[in-house]
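1. sequence and predicted structure below; questions after.
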Amino acid sequence: MNNTIIYLIGHYGVGKLTIAKEICAITEARLFDNHLANNIVFSLIREDGTSPIPDSAWDIIMTIRREALRAMTEIARPDASFVLTNALMEDDPLDHEAFAEVLEVSRKRGATFIPVILTASGAAHDERIPSPEREERLKMTDAAGAALVRQRRPILRIEHPNRLDLDTTILPPERAAQLIIEHAERLQ
């Protein structure tokens with residue numbers, strides 16, 4: 001891949017980070033997982049994966065994300081590719097902003113932009129959410145809370161010609177990564 005931005009979007013536990021790591025291992029793309037920004041703040045406020053996160057934390061996290069996007073736009077090599085992850089919700093104005101900002105970075109870089117919507121069954125979510133790895137990464141670990149989010153807060157509706165949808169319920173991360181890479185190659 002050359003100058004491509006893949007944006008993996010989905011609820012908690014669909015495999016965004018796992019798939020992103022696979023893509024990066026195969027393509028040498030650079031990873032900007034949403035928890036790179038989140039955890040700077042989460043570690044300071046002692047986020048526990050179950051308690052609500054204060055609204056003011058998200059403003060700080062957005063500032064960190066914007067600076068990372070600025071680095072992608074202004075400093076990164078022109079041929080560099082990136083894989084980003086996020087759980088963007090339709091009802092959250094900050095999530096709409098976050099998506100628009102990544103789209104703008106793609107435009108400024110002249111990059112191929114590929115939004116990928118990842119989904120999984122409720123049973124898959126329930127199995128994946130309460131894991132030690134997620135807890136270690138300061139991610140949501142409350143399966144019941146995550147289920148409520150899935151039921152009440154749909155993922156951001158994205159209409160883009162390069163969009164790809166994948167259900168990761170039984171799809172191994174390696175295969176998901178390969179499908180995304182193949183999709184990206186067809187677009188270049």
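-> Arrived safely, thanks for sending.

2. show me which strand runs longest in this structure.
-> The residue-count maximum for a strand in the chain (DSSP state E) belongs to strand 112-119.

3. now for that strand, which elements pack on it?
-> For strand 112-119, the packing partners by 3 or more CB pairs under 8 Å, 6 or more residues apart in numbering; DSSP states H and E come out as strand 4-9, helix 93-109, strand 164-167, helix 173-187. Quick note: C-beta positions are derived from backbone N, CA and C, even for glycine.

4. can you report how many residues neighbour residue 148?
-> Close neighbours of residue 148, defined as other CB atoms under 10 Å, add up to 11.

5. same deal with the one 5 residues further on?
-> Residue 153 has 15 neighbouring residues, counting by other CB under 10 Å.

6. with residue 87 instead?
-> Look at residue 87: counted by other CB under 10 Å, it has 23 neighbours.

7. what lies in contact with the longest strand of the chain?
-> The contact list for strand 112-119, computed with CB atoms under 8 Å, 6 or more residues apart in numbering, reads 1, 3-11, 14-16, 19, 99, 102-103, 106-107, 155, 158, 160, 162-169, 176, 180, 183-184, 187-188.

8. where does the chain dip in pLDDT?
-> 47-50, 134, 137-139 (pLDDT under 70).

9. show me what counts as buried in the longest helix along it.
-> Counting by DSSP state H, the longest helix found in the chain is helix 55-74. By 16 or more other CB atoms under 10 Å, the buried positions in helix 55-74 come out as 57, 58, 60, 61, 62, 65, 69, 72, 73.

10. hmm, back to that, the longest strand of the chain pairs with which strands, and in what direction?
-> The strands that strand 112-119 pairs with in its sheet are strand 4-9 (parallel), strand 164-167 (parallel) (by DSSP bridges).

11. how far is that strand from where the chain is centred?
-> Chain-centre distance of strand 112-119: 9 Å, with CA atoms, centre = their mean, to the nearest Å.

12. most centrally placed residue in the protein?
-> For the chain, residue 85 is the residue whose C-alpha lies nearest the centre (CA atoms, centre = their mean; 1.5 Å).
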